[in-house]
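[1] Here is my input; please provide its structure:
(2 chains)
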Protein chains: 2
Amino acid sequence: MEEQLPNWLKKRADITPARPAIEFEGITYSFKELNHMVEEMAGKLAAKGAERGNTCAILVRNHLDSVVMIHALFYIGVRIVMLNHKLTANELAWQIQDSQASILFSESYFTDTLKGIEREVSTVSVYIKEELVESVCPQVMADFYLEDTATIMYTSGTTGKPKGVMQTFGNHWWSAVGSALNLGLHEKDSWYCAVPIFHISGLSILMRSVIYGMKVVLVEKFDEEEANWHLRENGVTIISVVTSMLNRMLLNLGERNYPSSFRCMLLGGGPAPLSLLERCKEKDIPVFQTYGMTETASQIVTLTPEYSMEKIGSAGKALFPSQIRIEANGKQAKPNEAGEIVVFGPNVTKGYFNRVDATEQAIKAGWLYTGDIGYLDDEGFLYVLDRRSDLIISGGENVYPAEIESVLSAHPAVFEAGVTGVADEKWGQVPLAFVVLTEEVTEQQLLAYCREHLASYKMPREIVFCDHLPRNGANKLLRRKLKKEDGRG
Amino acid sequence: MEEQLPNWLKKRADITPARPAIEFEGITYSFKELNHMVEEMAGKLAAKGAERGNTCAILVRNHLDSVVMIHALFYIGVRIVMLNHKLTANELAWQIQDSQASILFSESYFTDTLKGIEREVSTVSVYIKEELVESVCPQVMADFYLEDTATIMYTSGTTGKPKGVMQTFGNHWWSAVGSALNLGLHEKDSWYCAVPIFHISGLSILMRSVIYGMKVVLVEKFDEEEANWHLRENGVTIISVVTSMLNRMLLNLGERNYPSSFRCMLLGGGPAPLSLLERCKEKDIPVFQTYGMTETASQIVTLTPEYSMEKIGSAGKALFPSQIRIEANGKQAKPNEAGEIVVFGPNVTKGYFNRVDATEQAIKAGWLYTGDIGYLDDEGFLYVLDRRSDLIISGGENVYPAEIESVLSAHPAVFEAGVTGVADEKWGQVPLAFVVLTEEVTEQQLLAYCREHLASYKMPREIVFCDHLPRNGANKLLRRKLKKEDGRG
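    Below you'll find the predicted structure:
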């Protein structure tokens, strides 16, 4: 009985038509209005060939039109590949091919990138929103099937090429329900979305909006002054942030405070410095640390309100329908013993698109091996020590050393490369690269080469030349041992 | 992935151990304490032979011990037959046999009834809570399987014997989630339960408590003075009521008011008089009319807050994951056209225990034909005109004419009987019986006979003697045409 649910936005437009659904650039649209825009957009997308069962990619900024486009593709019954617009044309082309997307919907803002993509991929039709004029009448999905893949988001692992995480309608639904059972749900809730909607952090806000009947305030880019205004003056009750955003908001806030109606600063994207949490505590800011990833359709562990101060530094316990355990040396770890974080629940992905091996390696009997390191204290609260083995989180973006190493290693002068993250005041962390050469090359030449192949947020801050890289007995690169100080890498 | 969820109370005791779970007789117990009591009780029930896969019946009053017993049976993995203690020993014996329950757990308060049951049913072992002393260590269910039947509640239809409605863990889960997505979920919520926990109206509050991490204030019996005190002085934010309870509360309230923290008067159990709703409107009491039944694991249609005044008299729209339609003459009815209310959703029962035919008749392709009559207005709001064809709702209890007719018809002096409901100031409605005799008998004799076989709330107020009963061409009894005035019945 639970395998299908009525189309979420249509249901909301039916039961709570007049409630505010989304505010963008100062204008608020109701669920009824949003549904109307989405129906119109669905007709235009269908006119370009989008139809039920297709996979389409979208390359868009945070914008009302993008939200309308996402829902319109769901209305048609299309799986959406959510592209990260910070990536290079090369990187995007690779994801489009890998996902077998037949159409790419975008906007004129990305014209140059789109040209680059079209040079690389001949199998994809590219349309920009400014050209969507003709319309046909599409068959709108009356129901969403929980097992169907709604979205695909690419994420890199510790090795190899990025993998497409399949997020089903069920994953999104259960994620939203789990969040509500933890954070509660108020009639006047308004969730501020300054995180990218192509990331699960942003997309999950859009999903909650139509499932809860809740207002979203969407902005194109994060700005601390603007965010503070919305929290102080525009009735925002919840905001999703990463550490660097929260830091900037606090600095801008100064001596001022947030009103008591502001009830949740949802802080994700990696372990937060204790000093930051304590500053928030002093100002009575309700910080909820959370832990989640693309594979869990956002939050899977969040600290409940009553423990937000007592268990400061902890990400909390698994949200209601989910479960968590720590594995060390193939066994369940003891309290306070660090190990790999393993999670289970209806919000966990069914796997990576077209990657049976990677899926089998990551998911065993439904339990996802996250690669992240943490421990549970005596009372079962999760403390995250390190995101996936070698993951670098730079300004909220995941940067995978393997990807940078793979680019560097492809340079003819490079024998092998190792990348690790180093602390950075502005971005939290930035990548640092270590290379062993086969022939002479300058740092500038290598950096220029990287710039051609990597999004700017993945660029190594520096390249360190060394004789060899630290490896273990099985010859596995020990990235944690990459250190600039000893010159050995 | 969604077919199992962690044991609800255990999960709550893990993630929110210190939150208040239940208040009874002035004492509040946390989820941790409740879990502890439940584990202890599970050991005692297991010592009496309760084990995974069993069906056990319980005959208990609203009491902390009863709540503990219900969760303990879930911990063991037992399906629970929820017996209505207002029924006679005969009626209860029939339900116990029909449900194939092997054990009956009860309390010494019901000693006489239990003796009666034991005389009728030889296959059931009866234990009272006062005798539960020995304990074994049972295997506690780590997970609940959504497809598993959690509870069976008997309900009579328009014809024949009562049927056991199977309510799965999934039905209860989705009902709780649907309610939260409609009414919201506040950290300080406290739900007042003065409705019987053997009814879905009461049991669903217990389910929400462990799913939401929400406090329940449980009382043995409804008392308007006490209820008003809890709403005014004890932080209760939500209460489930039927019309007669609300009437008594208003009368007792007089010139006083409820505090603004009281946010939901959930009014179920049949259409409410407009005058009552208007009195509530004058006093700014947030009444939410709701429509639901045993087969939908409580609410399936509830008016959303923003329409509570504008659409006064309406039960609202189907809760988020559910759907509703009206059928008239085998077709979907037009707006404002009355017809049978047909509902669909993950909270709808999978059927009646051991009654393939009745199940197939009531549920078609997942859609439940409720037998209730109503219409949807132009905007799709449901107005319930009449509960199941001939259902009489007396003080919140469902009374089925067919059951009373079947008792009367079994009397040797009665040729045939027809029962209908008539308005009653105190109870809303009461049954009125019409009989055609084969030999002489007095009204007193027939009423005495009824008293032996029927719970007191089902007793006809009066018995009218007549020559024949009104029937249609197919000889079907037309209960709506039973009228005292014309003497024909």
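[2] what about the helices in the stretch 301-450 of chain A?
    Applying DSSP state H, counting those that start in this stretch to the stretch 301-450 of chain A gives helices spanning A:356-362, A:401-409, A:443-453.
[3] Out of those, which gets nearest to chain B?
    Of all the helices of the stretch 301-450 of chain A, helix A:356-362 sits nearest to chain B, with 13.5 Å by C-beta to the nearest C-beta. Placement of C-beta: from N, CA and C, glycine included.
[4] any low-confidence regions in the stretch 1-150 of chain A?
    For the stretch 1-150 of chain A, the stretches flagged by pLDDT under 70 are A:1-2.
[5] residues from it in reach of chain B?
    A:1, A:2, A:5, A:6, A:11, A:14, A:15, A:16, A:18, A:19, A:146 (C-beta under 8 Å from any C-beta of the partner chain).
[6] from those, which would you call buried?
    Neighbour counting over the residues of the stretch 1-150 of chain A next to chain B (16 or more other C-beta atoms under 10 Å in any protein chain shown) leaves A:1, A:2, A:5, A:6, A:11, A:14, A:15, A:16, A:19, A:146 as the buried ones.
[7] Now tabulate those in CSV and tack on distance to residue A:278 and secondary structure.
    Output for those, formatted as CSV (distance: C-beta to C-beta, whole Å; DSSP: H, G, I helix; E, B strand; the rest coil):
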residue, distance to residue A:278, secondary structure
A:1, 48, coil
A:2, 43, coil
A:5, 42, strand
A:6, 45, strand
A:11, 43, helix
A:14, 46, helix
A:15, 43, helix
A:16, 40, coil
A:19, 37, coil
A:146, 41, coil
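[8] Would you check which pair of these lies furthest apart?
    Greatest spatial distance among those (C-beta to C-beta): A:1 and A:19, at 27.4 Å.
[9] what's near enough to touch residue A:318?
    The contact partners of residue A:318, by C-beta atoms under 8 Å, 6 or more residues apart in numbering or on different chains, come to A:300, A:301, A:324, A:343, A:345, A:382, B:15.
[10] Next, count neighbours for the fourth one.
    Right, residue A:343. Residues lying near residue A:343 (other C-beta atoms under 10 Å in any protein chain shown) number 25.
[11] Can you read off the pLDDT for the residue sitting nearest the centre point of chain A?
    Nearest to the geometric centre of chain A sits residue A:199, at 3.2 Å (C-alpha atoms, centre = their mean). Looking at residue A:199, its pLDDT stands at 94.
[12] Following the chain onward from the longest helix anywhere in chain A, which element is next?
    Across chain A, the longest stretch assigned as helix under DSSP state H is helix A:31-47. Once the chain leaves helix A:31-47, the next helix or strand it forms, by DSSP states H and E, is strand A:55-58.
[13] neighbours of residue A:90, just the number please.
    Applying other C-beta under 10 Å, I find that residue A:90 has 16 neighbouring residues.
[14] likewise residue A:426?
    Neighbours of residue A:426 (other C-beta under 10 Å): 10.
[15] Might one say that it is in contact with residue A:245?
    No: look at residue A:426 against residue A:245 with C-beta atoms under 8 Å: they stay out of range, at 11.8 Å.
[16] Count the residues that sit near the nearest residue to residue A:105 once chain neighbours are set aside.
    Excluding its sequence neighbours, the residue lying closest to residue A:105 (C-beta to C-beta, 6 or more residues apart in numbering or on different chains) is residue A:58, at 4.9 Å. Per other C-beta under 10 Å, the neighbour tally for residue A:58 reads 25.
[17] Verify the stated contact: residue A:58 with residue A:66.
    Yes: in this structure, residue A:58 is within contact of residue A:66 by C-beta under 8 Å, at 7.2 Å.
[18] Just the C-alphas of the helix or strand hosting residue A:68, formatted as PDB.
    Assigned by DSSP H and E, residue A:68 belongs to helix A:64-76. Taking C-alpha atoms only, helix A:64-76 is exported to PDB below (Å, rounded to 0.1, in the frame of the first residue of the first chain):
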ATOM      1  CA  LEU A  64      12.600  30.200  -8.900                       C
ATOM      2  CA  ASP A  65      12.700  28.900 -12.500                       C
ATOM      3  CA  SER A  66      15.000  26.100 -11.400                       C
ATOM      4  CA  VAL A  67      12.700  25.000  -8.700                       C
ATOM      5  CA  VAL A  68       9.800  25.100 -11.200                       C
ATOM      6  CA  MET A  69      11.900  23.000 -13.600                       C
ATOM      7  CA  ILE A  70      12.700  20.400 -11.100                       C
ATOM      8  CA  HIS A  71       9.100  19.900 -10.100                       C
ATOM      9  CA  ALA A  72       8.000  20.000 -13.800                       C
ATOM     10  CA  LEU A  73      10.400  17.100 -14.600                       C
ATOM     11  CA  PHE A  74       8.900  15.100 -11.700                       C
ATOM     12  CA  TYR A  75       5.500  15.900 -13.000                       C
ATOM     13  CA  ILE A  76       6.500  14.400 -16.400                       C
END
